[in-house]
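K.L.:
just to be clear, the model below is a prediction. Sequence and coordinates:
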Amino acid sequence: MNVSGLLRAAAGSFTARGASQASSLLSSSLSPSSLLSFSLCSSCSVTRKMTSRRQADHLERTSSNYRQESIFPARVCGIMNESMTVKRLRLAVPGSDFTFKAGQWVDFFIPGVEKVGGFSICSSPGLLQREGVIELAVKYSQHAPAYWIHKECAVDSEVAVRVGGDFFFDPQPSDLPVDLLLVAGGVGINPLYSILLHMVDLLRGRRSRPDAYEPKSVRLCYSAKNPQELLFKKTIAEVCQEFPGKVSCDFHVTQDSEDVDPQLRPLIRKGRISEEVLKEHLRGRDTLCYLCGPPPMIESVSEQLLHLGLSQDSILFEKWW
C-alpha cells in the first residue's frame, strides 16, 4: 500500500469548515462573551508551513481546522498531578453523540472565563466508549484557561467541550497494517499518548476479535527536560512490557537526574532525539510518523526524517505555538 493510501486509510483528512452557532447543549452558565465566534478555535494546529504566529489568539490559530458543530457539557470528575507543572483532568461527557479520534483536541469553555482553551485529549477513544470520560493533561501557565485549571478547577466543576483537529490516527478494520513512529517533546506527548493508547486498545481487541484491525508496530521517542517531566511514563513502560516487539519507547532527557525509577532507567537516554535514534526506529519508507512538540523540535525532526528517505506526506505534525 503506498503512502498516500496509508494516509487516507490511517490518518485521514477533514475538510476545514466553520462551526455553527452555539449548540443548545451548551451549559447556560457559559456567558455569551466566552463563546466569541464559532468559526474559530484550539491551541495547536496541523500545518505544512513552518511560519509562526506566536501572538495570535488561540481561536485565530485554528480557524481553518475541522471541528464538530456541537458543544457538549462536561463535568470534572477527577484531578491529579501528572507532574510538578501538569495537572490531569478527567471529564465526564454524557451522551452518545460525543466522539473523537485519537490525536484530536477539544475547545475548552469555562463559565466566567472569556478565553477559550484548546487542549489535546490524552486518553483513548476506547476509554470514552467504556466509561464515558476523556482526559486532558494541562501544563501550568498564565493563560486564563490553563490558570483556571491549576488554581480554580475542582471536582464537579462544569465546563463544555467541542472536538476539533485534523491530526489523528483512525484505522479501519479493512486497512492494511502500518508501522507508526511517534515523536514527542514536552506536553506535545498528549495527542501521541492518545494514539499510543488507541493502538494498545486495538492490540487488546485482537484477542477477542481476530477480524479487527491488526496494528503492526508503534515506536515512541519522547523528550523532556528531566525524568520528572516525562508524562505518563509508568503506563508507557507497562504497555511496552505487555506488547514486546509491538510497542517500544525511548525516553530522552536533556538534564541529568539521579531520581529515576529503576523500571524506567533502561528506557531513558541522555540528550535530544537525534537522526541516529530516528533511524533505529524506522521500519521502512512506509512508516507513518506523527510529531508533536515545540516548533524548533518539529522542524529539526522533520528535516531529519526527510533526510532518512521519508516522503513529506508520511510526516504528520501538530505544531504548538
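P.N.:
Here it is on my side, so go on. What you see is a predicted model; the values in this text were computed from it and never measured. Residues are numbered from 1 along each chain as shown.

K.L.:
now do the strands in this protein.
P.N.:
Applying DSSP state E to the chain gives strands spanning 44-46, 72-81, 86-92, 105-109, 117-120, 133-139, 158-164, 179-185, 217-224, 247-253, 268-270, 288-293, 315-320.

K.L.:
what's in contact with stretch 195-209?
P.N.:
102-103, 123-127, 168-169, 171, 180, 182, 212-215, 218, 220, 236, 239, 242-243, 246-247, 290 (CB atoms under 8 Å, 6 or more residues apart in numbering). The way it works is simple: take the backbone N, C-alpha and C, and place the C-beta from them, glycine included.

K.L.:
give me that answer again for 7 Å
P.N.:
102-103, 123-126, 169, 180, 182, 212-215, 218, 220, 239, 243, 246-247, 290 (CB atoms under 7 Å, 6 or more residues apart in numbering).

K.L.:
and those, which are buried?
P.N.:
102-103, 123-126, 169, 180, 182, 212-213, 215, 218, 220, 239, 243, 246-247, 290 (16 or more other CB atoms under 10 Å).

K.L.:
if I look at residue 200, how far off is residue 185?
P.N.:
Distance of residue 200 to residue 185, computed by CB to CB, to the nearest Å: 22 Å.

K.L.:
higher neighbour count, those two?
P.N.:
Comparing residue 200 with residue 185 by neighbour count (other CB atoms under 10 Å), the higher total belongs to residue 185, at 26 against 23.

K.L.:
give the contact list for that one.
P.N.:
Applying CB under 7 Å, 6+ apart, the residues contacting residue 185 are 223, 293-294, 297.

K.L.:
where's the longest helix along the chain relative to the chain centroid, distance-wise?
P.N.:
Counting residues, the longest helix found in the chain (DSSP state H) is helix 189-205. Helix 189-205 sits 10 Å away from the centroid of its parent chain (CA atoms, centre = their mean, to the nearest Å).

K.L.:
what about the spatially most central residue of the chain, distance to residue 152?
P.N.:
Per CA atoms, centre = their mean, the C-alpha nearest to the average position across the chain is that of residue 191, at 0.8 Å. As defined by CB to CB, residue 191 lies at a distance of 25 Å from residue 152.
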